[in-house]
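Student: build the 3D model from these lines:
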Amino acid sequence: MVNLLCVGDLNADLAISLTNDLVIGSDTDGTIDMHGGGSAANVAVWAARAGATVAFVGVVGNDDLGTFLVDGMVQAGVDAHVIQRAGASTRAVAAIVGPDGNRSLVSDLSGQTALVDGDVDTNLLAAASWLHLTGYTFLTDQSRPLFVQLTKQTSELGIPWSIDPSAAQLIRARSDVASARAAFSGCAVMFPSDDEAALLADVDDPVMAADSLLDLADCVVVTRGADGATVARRGRPTFSVPAAPTELCNTLGCGDAFAAGFLTARISGADDQICAAAGTATAARAASLSAAR
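Tutor: Sure thing, here's the model as predicted:
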């Protein structure tokens with residue numbers, strides 16, 4: 001039986017790490033590396049490393065880059081159900097990592113490699129004990145019907161599901177807050193970053209935002225970077241945990257690693273304090289890497 005089924009984005013990360021601040025209109029010292037990425041795929045890989053039995057469903061192009069990404073998932077111990085779409089080009093995301101380790105993303109949500117109805121085997125879904133989704137699937141027009149279908153099916157099957165809203169700016173640009181809130185409603189765990197929580201709850205304070213979002217989710221975990229995380233759960237006291245010590249290289253994939261650590265512990269039956277500790281520990285490992293996983 002699959003402990004965790006992750007469905008969503010798999011892409012190449014083109015990591016552009018700057019030695020100094022970006023000089024607009026001229027050259028800046030730095031390094032450029034390519035690694036496997038994609039929020040849902042990152043969660044799958046980190047969860048597999050943590051000992052969970054993980055399956056992943058996604059789409060890449062029928063090209064060498066797509067094959068490279070699929071091979072990376074398999075080598076990480078993930079049961080990869082990745083469609084290589086004929087005629088499509090595999091997506092890449094440019095991750096610009098500043099000298100302070102913080103990253104900014106340029107994301108291509110091209111529909112060429114979007115998941116659509118029929119791409120997720122219903123038997124695979126029924127065999128899972130937990131489903132994890134990301135907002136990128138909801139925010140891609142071609143994938144949105146599948147997102148809605150999956151959340152409905154999991155509810156009917158009694159399978160808990162989690163959501164990473166993915167990007168506050170993309171919610172503003174590609175949808176609206178009311179639609180996103182409706183789509184994410186009913187999840188067992190929501191993993192918004194502090195800016196996503198502020199947008200979805202219309203509250204700037206992360207603790208208040210976490211509590212407010214309990215009208216959508218049974219548990220809300222606001223990831224706050226160097227400030228750790230805040231965990232709210234219906235009927236229980238809200239608490240915050242500090243970030244685990246690490247030698248910061250970059251923050252790319254840290255939120256995904258946190259979700260993977262938290263979910264792996266949650267699926268095993270751990271309480272919220274242990275889940276949060278597992279999340280911060282996994283995020284710290286991600287922060288020490290030059291890649292997202």
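Student: so where do the strands sit in the stretch 151-293 of the chain?
Tutor: Using DSSP state E, counting those that start in this stretch, the strands of the stretch 151-293 of the chain run over residues 161-164, 187-190, 217-223, 229-233, 236-241.
Student: using JSON lines, lay out the ones you listed together with mean pLDDT.
Tutor: As requested, the strands of the stretch 151-293 of the chain are exported to JSON lines (pLDDT from 0 to 100):
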{"stretch": "strand 161-164", "mean pLDDT": "98"}
{"stretch": "strand 187-190", "mean pLDDT": "98"}
{"stretch": "strand 217-223", "mean pLDDT": "98"}
{"stretch": "strand 229-233", "mean pLDDT": "98"}
{"stretch": "strand 236-241", "mean pLDDT": "98"}
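Student: those: which one's closest to residue 99?
Tutor: Each of the strands of the stretch 151-293 of the chain was scored for nearness to residue 99 using Cβ to Cβ, and the closest is strand 217-223 (22.1 Å). For glycine as for every other residue, the C-beta is placed from the backbone atoms N, C-alpha and C.
Student: give me the residues contacting the closest one.
Tutor: Residues lying outside strand 217-223 but in contact with it, judged by Cβ atoms under 8 Å, 6 or more residues apart in numbering, are 163, 184-194, 197, 206-207, 209-211, 213-214, 229-234, 254-255, 258-259, 262, 272, 276, 279, 283.
Student: now do the residue in the chain sticking out farthest from the centre against residue 104, distance only.
Tutor: Here the centre of the chain is the reference, and by Cα atoms, centre = their mean the most remote residue is residue 26, at 33.4 Å. Taking Cβ to Cβ, to the nearest Å as the measure, residue 26 and residue 104 are separated by 19 Å.
Student: go on, residue 237?
Tutor: Computed with Cβ to Cβ, the distance linking residue 237 and residue 104 is 35 Å.
Student: when these two are compared, which one has more neighbours?
Tutor: Neighbours were counted for residue 237 and for residue 104 using other Cβ atoms under 10 Å; residue 104 has more, 11 against 8.
Student: I figured the more buried one hits residue 96, correct?
Tutor: Yes - with contact defined as Cβ atoms under 8 Å, residue 104 counts as touching residue 96 (4.9 Å).
Student: pLDDT-wise, which helix or strand of this protein ranks last?
Tutor: The helix or strand of the chain with the lowest confidence, counting by mean pLDDT, DSSP states H and E, is strand 103-106 at a mean of 79.
Student: CA atoms only: put that one into CSV for me.
Tutor: Extracted C-alpha coordinates of strand 103-106, given in CSV (Å, rounded to 0.1, in the frame of the first residue of the first chain):
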residue,chain,number,x,y,z
ARG,A,103,15.1,32.5,-3.9
SER,A,104,12.8,34.0,-6.5
LEU,A,105,11.1,31.9,-9.1
VAL,A,106,10.2,32.4,-12.7
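Student: what about residue 169, neighbour count?
Tutor: Neighbour tally, residue 169, other Cβ under 10 Å: 13.
Student: still on that earlier bit, got the buried residues for the least confident helix or strand of the chain?
Tutor: Of the residues in strand 103-106, those buried by neighbour count under the rule 16 or more other Cβ atoms under 10 Å are residue 103.
Student: before we move on, back to that, filter the contacts of strand 217-223 down to the ones in helices?
Tutor: The helices in this structure, assigned by DSSP state H, contain 184, 194, 197, 206-207, 209-211, 254-255, 258-259, 262, 272, 276, 279, 283 from the contacts of strand 217-223.
Student: please check these and keep the buried ones.
Tutor: Neighbour-count burial within the ones in helices among the contacts of strand 217-223 applies to 184, 194, 197, 206-207, 209-211, 254-255, 258-259, 262, 272, 276, 279, 283; the criterion is 16+ other Cβ under 10 Å.
Student: got a list of what the most centrally placed residue in the chain touches?
Tutor: Nearest to the geometric centre of the chain sits residue 39, at 3.6 Å (Cα atoms, centre = their mean). The contact partners of residue 39, by Cβ under 8 Å, 6+ apart, come to 8-9, 134, 136, 164, 166, 255-256.
Student: which one of these sits closest to residue 56?
Tutor: Here the nearest of these to residue 56, counting by Cβ to Cβ, is residue 8; it sits at 8.4 Å.
Student: can you give me the helices for the stretch 1-150 of the chain?
Tutor: Secondary structure of the stretch 1-150 of the chain (DSSP state H, counting those that start in this stretch): helices at 39-49, 64-75, 122-126, 135-139, 144-157.
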